[in-house]
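K.L.:
sequence and predicted model, in that order:
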Amino acid sequence: MKEKKMTVSKGGKLSAGKKREGNVFFSEDPRDFGYAKENIPCQDACPAHTNIPGYIRSIYEKHYGRAYEMNRMVNILPGVLGRICSRPCELSCRHGESDLGTSVNICHLKRSCADLKPSWHMIKEEFYAPSGKTVGIIGAGPAGLAAAHELAILGHNVTLYEAMDKPGGMLMYGIPAFRLPRDILNLEINNILRMGIDLKTGVNVGRDITLTELIDVHDAVLSTVGCQEPFNLDLPGEDLDGVYSGLDFVIRVNQGERIPVGKKVAVIGGGYTAIDCARLAIRLGAEEVSVNLRKTETFMRIDEHEKHEAKTEKIKINGLVAPFQINGTDGKVTSITFERTRLEFTKDGKGRNAVSIPDSAFAAPVDTVILAVGQTPDTGFTGGKIELNGKRIKTKAGSYETGIKRFYAAGDCVTGATNVITAIAEGRHAAHEIDAVFVGKKRITETIRTETASQTDRSRNDDFIKASVMPTLEVTKRLYALTGEVEQGYDDKIAGEESKRCYLCNLRYFIDTSQCIYCSACIDVAPRDCIKITRAVEIKKDGAYGELLSATDWSEGLAIVIDNKRCIRCGKCYEVCPMHCIHIEKVELIEQKLEA
Amino acid sequence: MPKFDHYIIIGNGPAGNSAAEVLRMHDDQARVSIISDEGFPYYYRHMLCEFISGKKKEDALKVKPASDYKEKNIRMRLGQRVERIEPETKTLYLKHMEKVKFTRLILATGASPHVVPSLSRFEKHFSFMSKYSDALKVKPLLSPARKVAILGGDLVSLKFAKMLSAMKKEVTFFLYKDCFYPFELTADMASAIEKHFSGKKIKTFADIFPSRIESKGKAFEIETENGENLTVDIIFCFMGMRPNINFIQGSGIDTERGVLVDEHLKTNVSDIYACGDCAQIYNPELKNYWISVGWENAGIQGETAALNLLGESKVIKPSQKKILDVEGLKVNTSWWKEL
């Protein structure tokens, strides 16, 4: 391991890759990127790199419009994602570390800025001059919409080709309205489309127009068709009446069909679609609904809030069962046979597999079976002319370009089914690549912005505020209709209280070692082992700083250093330092737009 | 085995104590420690109701004196919460930031009161009766209380409701049939309970539940689904128990409802065992995982886990069926609950 000996710094000189604008520094130094990655865990975990501490602080200051726009910089659907995001940020939130309580409800706060901003809120867009280039995008789902928005602000003419009657893709058709009200979705889609994007709905590429024709009429074509083809379990009895594929079930109900589900419904699968199917089945009149998993709840690919709401609606989650066959009489489902499973280590010893237990089969009487075990892309529109990676479209390494010139692909059709925020990030990145090809340079790049900051008014008491529960519709009221939104959103007061919980990990506390007298007062007041007497710092392969290497003896210690990965920004060290040699900076990973 | 072995048991109930005694009996060299987040010594949980009613004194709750642990050289660490287990380094991380190393570990963390998800938002208003600390909290509140609501139930809730009625309290009972514990409540049993309660002037809601609960000064206002409003002085919640396994998540130890163990009470991670109410045990005859409840089962499992930890290969078997009396109805139960 490479190490750097700690040295006493006096500051002043800027290293290569940094530039200064007044009190603000912009840096592309790998050490600064490394710092942001390690120390602002929520932003790093967000596939779109949303400035989470930044917008939470704006919510605290009651600047809801500003918070909304901070989201919109990298995620053009904050009101939507504030309702249905899979929240990778919350899994990484420092407040959720084992000795610190529970994560901040980041997603609920995102929603609150969309809900609480005033009706006269100003949408901010920065447009580049028109380029005269045209881009055709196949699929108006989240990746397609994000790419369309980005290409439009970069000055290109965009045409969105959508096979369904309305834009939105899985958001419009694959998510129930009780989780995502359509007025919110339509509002945010319209904010994208009104930038001059030409939307053509009901156009099935491959049937109504070929891919070759599209490539001929556009300077570039981007596929964001997503994953629409259900996985097949090939169970005996899958063709019986009363057996549905999960996505097909949700789409049909979202289109207004009231599918008769009977009294007992078994859903197979552990993702968002499976839970959506179960919750729709309850609303369609089912009395007993179960979600059945080969492994256990721990391995479900959904967040805890969704599990909680499903259980609130009395949906049972059965772990350690695998569907074996579906049984029926006169062509109609009557029961499903499961085998019990147990968990075993995978061959590499890192993961867990569910293995069927021999002779453990049992039948459960059901009226409906919904198979919601995931989807793959339907690449039929390419006419078989494209290289695939399994069932997914293959792109060049580190690029969104496919084997066909000027034809790009991004989102779930490349990566397989992921989540909405990943699709949005991928759509944007593909747009940036297409733009760089048109213009000959990257016009949108990530950079680290550092600004001198002062101690905030966060109090240590704020660290002990319990996470605010999302107000929800009473169970008896929510089951009458298919569309009544279950989560009611935070009001101003709750949002303010929840926003106080954020540690503001974008603040960096550091000790000016040239003034430090090694009194160790800061160490005495530190609430956890976040200030260390250090002998060296690890240097990672990419040049970023790694772990601080603590001295085991006073004679080895070269500096007292605040470990910002452990720091909860309580400010106690700042307050107690007799030499006032602890300073604060605001460090943010932002996107910078190239100006002429 | 080397003399520096450190066997740790997390949990100070019947499973944990039985395991500790067996470990000491068969290995007089190793260090044996019990770590418990409760501050009170090993006690009879079922006597808590009598304790708060004043029929039993604090000393009567204690199963054995502290000197017993001293004599057996079992270290008791009370009021210390294990926050995280790191099986790779065999380290326990305690809430007060201490790291404790173990050579072998027995999880006997028991179970905590369950609140149905639809009521979880009102949980801050509820009082529980599952731990000594609950009883201490409830005792001073109960004597001035005139009106009491019980959301439940389980077997303890029935006993508790009768006790309150005998104490001349005005009791309202919301009966959650699907939360009955340790078995599902049949329609016959539910109506027997209703009938029995009406004889004792306990107002029972069997199909109508609270839709809103708010605190009003020192009292609580309950609005039912049919719009009825009640004001009570204290609300008790008895909706069965759920294994205490939250701190295990992410450690690599498999859990479902409880800690998944085989018939030898071994988890998927070597040198870690689980027993008592927190364990979900594979039964080769049933080809299914089951969870057991009850003092006696916990003790047997603690003993089995300890013997297997020491190298034996004992298989845990369900205890014999018992007949319980639920308000006059005889119920056969093996004390093994299918999940």
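P.N.:
Here it is on my side, so go on.
K.L.:
in a strand, B:I34, correct?
P.N.:
Yes: counting by DSSP: H, G, I helix; E, B strand; the rest coil, B:I34 is found in a strand.
K.L.:
that one: what's it in contact with?
P.N.:
Residues in contact with B:I34 (CB atoms under 8 Å, 6 or more residues apart in numbering or on different chains) are B:8-12, B:16-17, B:20, B:69, B:74-77. Just so you know, the C-beta spots here come from the backbone N, C-alpha and C atoms, and that holds for glycine as well.
K.L.:
between these, identify the one with the most neighbours.
P.N.:
B:I9 (32 neighbours; other CB atoms under 10 Å in any protein chain shown).
K.L.:
contacts only, for that residue.
P.N.:
B:16, B:19-20, B:23, B:32-35, B:105-106, B:108.
K.L.:
tally of neighbours for the residue in the stretch 151-300 of chain A positioned nearest to chain B?
P.N.:
Nearest residue of the stretch 151-300 of chain A to chain B, counting by CB to the nearest CB: A:T296, 4.3 Å away. Neighbourhood size, A:T296 [other CB under 10 Å]: 22.
K.L.:
quick check, it in contact with A:L320.
P.N.:
Yes: with contact defined as CB atoms under 8 Å, A:T296 reaches A:L320; the gap is 6.4 Å.
K.L.:
confidence score at the residue sitting nearest the centre point of chain B?
P.N.:
In chain B, the C-alpha nearest the mean C-alpha coordinate belongs to B:A111, at 3.7 Å (CA atoms, centre = their mean). pLDDT, B:A111: 92.
K.L.:
what about the residue nearest to B:G79 when sequence neighbours are not counted, distance to chain A?
P.N.:
With sequence-adjacent residues excluded and distances taken as CB to CB, 6 or more residues apart in numbering or on different chains, B:G79 is closest to B:G39, at 3.9 Å. With distances taken as CB to the nearest CB, to the nearest Å, B:G39 is found 19 Å from chain A.
K.L.:
enumerate the residues of chain A near chain B.
P.N.:
A:98-99, A:296-298, A:308-309, A:311-312, A:314, A:319-320, A:340, A:342-343, A:345, A:352, A:357, A:359-360, A:469, A:471-472, A:474-476, A:528-529 (CB under 8 Å from any CB of the partner chain).
K.L.:
again, 6 Å this time
P.N.:
A:98-99, A:296, A:308, A:311-312, A:319, A:340, A:343, A:357, A:360, A:469, A:474-476 (CB under 6 Å from any CB of the partner chain).
K.L.:
buried among these? Need that as a selection in ChimeraX.
P.N.:
In ChimeraX, this line selects whichever of the residues of chain A next to chain B come out buried by 16 or more other CB atoms under 10 Å in any protein chain shown:
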select /A:296,308,311,312,319,340,343,357,360,469,475
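K.L.:
just the strands from the stretch 151-300 of chain A, written as ranges.
P.N.:
For the stretch 151-300 of chain A, strands defined by DSSP state E, counting those that start in this stretch occupy the ranges A:157-162, A:198-201, A:220-223, A:229-230, A:243-245, A:264-268, A:288-292.
K.L.:
hmm, back to that, which of the contacts of B:I34 fall in strands?
P.N.:
Of the positions in the contacts of B:I34, B:8-10, B:74-77 sit in strands, assigned by DSSP state E.
K.L.:
now the closest residue to chain A within the stretch 51-200 of chain B. Its backbone dihedrals?
P.N.:
Nearest residue of the stretch 51-200 of chain B to chain A (CB to the nearest CB) works out as B:P117 at 3.9 Å. Taking degrees, to the nearest 10, you get phi -50, psi -30 for the backbone angles of B:P117.
K.L.:
how much space between it and A:A310?
P.N.:
For B:P117, the distance to A:A310 equals 9 Å [CB to CB, to the nearest Å].
K.L.:
of the two, who's got more company?
P.N.:
Between B:P117 and A:A310, counted using other CB under 10 Å, the more crowded position is A:A310 (23 against 17).
K.L.:
how about the secondary structure of that one?
P.N.:
Applying three-state DSSP: A:A310 is helix.
K.L.:
next one: the longest helix seen in chain A to chain centre, how far?
P.N.:
If you go by DSSP state H, chain A has its longest helix at helix A:420-439. On the basis of CA atoms, centre = their mean, to the nearest Å, helix A:420-439 sits 16 Å off its chain's mean C-alpha point.
K.L.:
now for that helix, which elements pack on it?
P.N.:
On a contact count with 3 or more CB pairs under 6 Å, 6 or more residues apart in numbering or on different chains; DSSP states H and E, helix A:420-439 meets helix A:142-153.
K.L.:
and if we set it to 8 Å?
P.N.:
helix A:78-84, helix A:142-153, strand A:220-223, strand A:407-409, helix A:412-415 (3 or more CB pairs under 8 Å, 6 or more residues apart in numbering or on different chains; DSSP states H and E).
K.L.:
which neighbours do A:T296 and A:L320 have in common?
P.N.:
What both A:T296 and A:L320 touch, as defined by CB under 8 Å, 6+ apart, is the set A:343, B:256.
K.L.:
closest to A:K593 out of the helices and strands packed on helix A:420-439?
P.N.:
helix A:142-153 (9.0 Å; CB to CB).
K.L.:
pLDDT of that closest one, averaged?
P.N.:
The pLDDT scores in helix A:142-153 average 98.
K.L.:
outline the domain layout of chain A.
P.N.:
According to automatic domain parsing, chain A comprises the domains A:37-123+A:447-499, A:134-228+A:377-442, A:234-371.
K.L.:
let me have these in JSON lines, extended by distance to B:K266.
P.N.:
Converted to JSON lines, those look like this (distance: least, CB to CB, whole Å):
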{"stretch": "domain A:37-123+A:447-499", "distance to B:K266": "25"}
{"stretch": "domain A:134-228+A:377-442", "distance to B:K266": "36"}
{"stretch": "domain A:234-371", "distance to B:K266": "13"}
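K.L.:
point out where chain B drops to low pLDDT.
P.N.:
Applying pLDDT under 70 to chain B flags the ranges B:1-3, B:180-184, B:318-339.
K.L.:
what segments of it are helices?
P.N.:
B:14-26, B:48-53, B:58-61, B:66-71, B:132-142, B:155-166, B:187-199, B:295-309.
K.L.:
check the offset of the first one from the chain's centre.
P.N.:
A distance of 19 Å separates the centroid of the chain from that of helix B:14-26, by CA atoms, centre = their mean.
K.L.:
who's in contact with that helix?
P.N.:
So helix B:14-26 is in contact with B:7, B:9-10, B:30, B:32, B:34, B:36, B:42, B:63, B:72-74, B:106, B:108, B:110, B:275-277, B:295-296, B:298-303, B:305-307, B:309-310, going by CB under 8 Å, 6+ apart.
K.L.:
just the buried ones from these?
P.N.:
B:7, B:9-10, B:30, B:32, B:34, B:36, B:42, B:74, B:106, B:108, B:110, B:275-277, B:295, B:298-303, B:305-307, B:309-310.
K.L.:
what's the closest non-adjacent residue to the residue nearest to the centre of chain B?
P.N.:
Once flanking residues are discounted, B:A111 sits nearest to B:M241: 3.6 Å by CB to CB, 6+ apart.
K.L.:
right, and A:F26 touches A:T445 too?
P.N.:
No: in this structure, A:F26 is not within contact of A:T445 by CB under 8 Å, at 10.4 Å.
K.L.:
moving C-terminal from the helix or strand harbouring A:V369, which element do we reach first?
P.N.:
Per DSSP states H and E, A:V369 falls inside strand A:368-371. Counting by DSSP H and E, the next helix or strand C-terminal to strand A:368-371 is strand A:375-376.
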